[in-house]
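# Starting from these lines, generate the structure:
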Amino acid sequence: MTESFKTLPLPPSMIETLDNLGYHSMTEIQSKSLPFVLQGRDVVAKAKTGSGKTAAFALGMLERIQASSFAVQGLVLCPTRELCTQVATEIRKLARYKGNIKVLLLCGGQSIGPQIGSLEHGAHIVVGTPGRIQDHLRKQTLTLSKVATVVLDEADRMLDMGFSDAVQQIVNQTPSTRQTLLFSATYPSGIEKLTKSIMKDPEVISVEAVHSESNIEQLFVQASRNKKDDLLLKLFQHYQPASTVVFCNTKQQCKEVCRMIKEHGGSADALHGDLEQRDRDKVLVRFSQSSCSVLVATDVAARGIDIADLAMVVNYDVPRDPEIYIHRVGRTGRAGKSGLALSIYSESETYKVELIEDYRKQPTVYLDPDTLNGDKPLPLPEWVSIEVAGGRKDKIRPGDLLGALTANQLLTGKAVGNITIFDRVSYVAVAEADAKLALKQLTAGKVKGRKVLARIAK
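Okay, the predicted model is just below:
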């Protein structure tokens, strides 16, 4: 039985906003944690990505914000910039009911100067990575003395990345009267130690992953090391997935697999720790806009990325830890949809497959590579992403780009897909057949009354 948000003590304007955003009933993490969050209690919640945890902490945080005061009243710490961006976007949507709530993103990989300028104008909520938050505290460009709510999102990953001391130091600079909310996919001893040092009598909540394995077909296929590339291509040809994440255990392997797919005429981008932030953003946008078919990623790079309707996951390298395997596989088959997860292993990696079988408590299903049909071409995307030089700071909104593309009615709204706006750059997906015309529309016409530079994002 799913509960409505109307059962909570929330203002009618917030209920209306939730309804408009499609939040009609609460997820398990929301129904279990929100009553305590709204009471102002400290909460420790064990919940995985995709469980609806952002709304679980954001609704309580927003209710405590005094819009008339431009002091930082809410602080959300996340391990990666990708997750920060995702969380900030969600909070901005939920904050519509209140109006004039400023949410600021403070992450590494970007120049600190513009961030300092934004802080000078004030912000109600800051979402950031521990390292960059520490930079601002050292420079005294950020003050946390008015913070009412602190959220640690994916706390286990922050500890894995060595941020334990940084998190402790940051939280120590907030008032002792604050509310502290901690969300973590796993609950290692480091998390227990952290909760004892920064939280007051927290309510502890645990929910299972929202993606049930019953929706995911999981197959294991054996190949010698020098045949893995051939097998991977054959899997693409046979299953024809619209979108696939291929997991590798190392950055170098990521680069090599991505290069191999491209050399064989496929559409692929690599996501790993060596990329500059702007390039990481572009890779993720292209994949989320369906203008790239395959994302080849390491676990750390892919943490916090939530791609809807992911058709297939491939473990090019089987992970050593069964829990990482479950986390990878759980990215497909979400929200009741069916998913496919394929794992390529060599004979020497049989022990990893057995560990996963013991962990899942289900028999392993093996795939015979001889049954695969490798006669079809590699699947290619039906969309193209166009990069526009202008974004949120230039007051560009999705409607402005849609209007510029359809102004003279040569293009219809059906030819325009997902639109993503960053601070200084925007990306718009257009149907592959209309890409040249769309690019001409943007460069020859005007956006927000002025000329813009645009190019195909590659």
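# In this structure residue 233 contacts residue 261, no?
Yes. Between residue 233 and residue 261 there is a contact under Cβ atoms under 8 Å: 7.5 Å. (C-beta placed from N, C-alpha, C; glycine too.)
# Those two: who's more crowded?
residue 261 (24 against 17; other Cβ atoms under 10 Å).
# Under the pLDDT cut-off, which ranges of the protein? List them.
Along the chain, the parts satisfying pLDDT under 70 run over 1-2, 48-50, 208-214, 301-306, 308, 335-336.
# What residues does residue 332 make contact with?
Shown in contact with residue 332 (Cβ atoms under 8 Å, 6 or more residues apart in numbering): 211, 216, 310-313, 339-341.
# Equivalent analysis for residue 431, please.
By Cβ under 8 Å, 6+ apart, the contact list for residue 431 reads 382-384, 414-417.
# Please apply the same query to residue 274.
Contacts for residue 274 (Cβ under 8 Å, 6+ apart) come out as residue 251.
# Check the spacing between it and residue 201 real quick.
As judged by Cβ to Cβ, to the nearest Å, residue 274 and residue 201 stand 44 Å apart.
# Could you do residue 359 as well?
Separation of residue 359 from residue 201 (Cβ to Cβ) stands at 33 Å.
# which one of the two has more residues nearby?
residue 359 (13 against 6).
# shouldn't that one be in contact with residue 326?
Yes. Counting by Cβ under 8 Å, residue 359 does reach residue 326; the two are 7.4 Å apart.
# hang on, the earlier thing: reformat the contacts of residue 332 into CSV and put distance to residue 425, secondary structure and neighbour count next to each item.
Below are those laid out as CSV (distance: Cβ to Cβ, whole Å; DSSP: H, G, I helix; E, B strand; the rest coil; neighbours: other Cβ atoms under 10 Å):
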residue, distance to residue 425, secondary structure, neighbour count
211, 32, coil, 23
216, 35, strand, 19
310, 25, coil, 22
311, 28, coil, 19
312, 29, strand, 23
313, 29, strand, 24
339, 32, strand, 22
340, 33, strand, 20
341, 33, strand, 23
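# before we move on, what SS does residue 105 have?
strand (DSSP: H, G, I helix; E, B strand; the rest coil).
# so who does it touch?
Going by Cβ under 8 Å, 6+ apart, residue 105 touches 84-85, 88, 127-128.
# what does residue 199 give?
When contacts are counted by Cβ under 8 Å, 6+ apart, residue 199 touches 42, 44, 180, 182.
# Just give the closest residue to the first one, not the sequence neighbours.
What that stands for is residue 42. The spatial neighbour of residue 42 that comes closest, neighbours along the chain excluded (Cβ to Cβ, 6 or more residues apart in numbering), is residue 202 at 4.0 Å.
# Now do the contacts for the one you found.
Contact partners of residue 202, counting by Cβ under 8 Å, 6+ apart, are 41-44, 180, 182, 195.
# mind redoing it with 7 Å?
42-44, 195 (Cβ atoms under 7 Å, 6 or more residues apart in numbering).
# By neighbours, which of those wins?
In the contacts of residue 202, the most neighbours by other Cβ under 10 Å go to residue 43, 25 neighbours.
# I figured that one hits residue 32, correct?
No. Between residue 43 and residue 32 there is no contact under Cβ atoms under 7 Å: 9.3 Å.
# any shared contact partners between those two?
In contact with both residue 43 and residue 32: residue 205, using Cβ under 7 Å, 6+ apart.
# distance of the residue of the chain positioned farthest from its centre from residue 34?
Distance from the C-alpha centroid of the chain, by Cα atoms, centre = their mean, peaks at residue 370 (36.1 Å). To residue 34, residue 370 is 52 Å away according to Cβ to Cβ.
# Please apply the same query to residue 435.
In terms of Cβ to Cβ, residue 435 sits 44 Å off from residue 34.
# What is the nearest of the contacts of residue 105 to residue 283?
For the contacts of residue 105, the minimum distance to residue 283 (Cβ to Cβ) is 13.1 Å, reached by residue 85.
# List the buried residues for the host helix or strand of that closest one?
Assigned by DSSP states H and E, residue 85 belongs to helix 81-94. Buried residues in helix 81-94, counted by 16 or more other Cβ atoms under 10 Å: 81-91, 93-94.
# What of stretch 23-38?
Buried residues in stretch 23-38, counting neighbours by 16+ other Cβ under 10 Å, are found at 23, 26-37.
# Show residues contacting that stretch.
The contact list for stretch 23-38, computed with Cβ under 7 Å, 6+ apart, reads 2-5, 8-9, 43, 45, 47, 51-53, 55-57, 59-60, 63, 181, 203, 205, 207, 210.
# hmm, 8 Å instead?
For stretch 23-38, using Cβ under 8 Å, 6+ apart, the contacting residues are 2-5, 8-10, 18, 43, 45, 47, 51-53, 55-57, 59-60, 63, 179, 181, 203, 205, 207-208, 210.
# And the strand or helix carrying residue 165, what's buried?
According to DSSP H and E, residue 165 maps onto helix 164-171. Using 16+ other Cβ under 10 Å as the test for burial, helix 164-171 gives 164, 166-167, 170-171.
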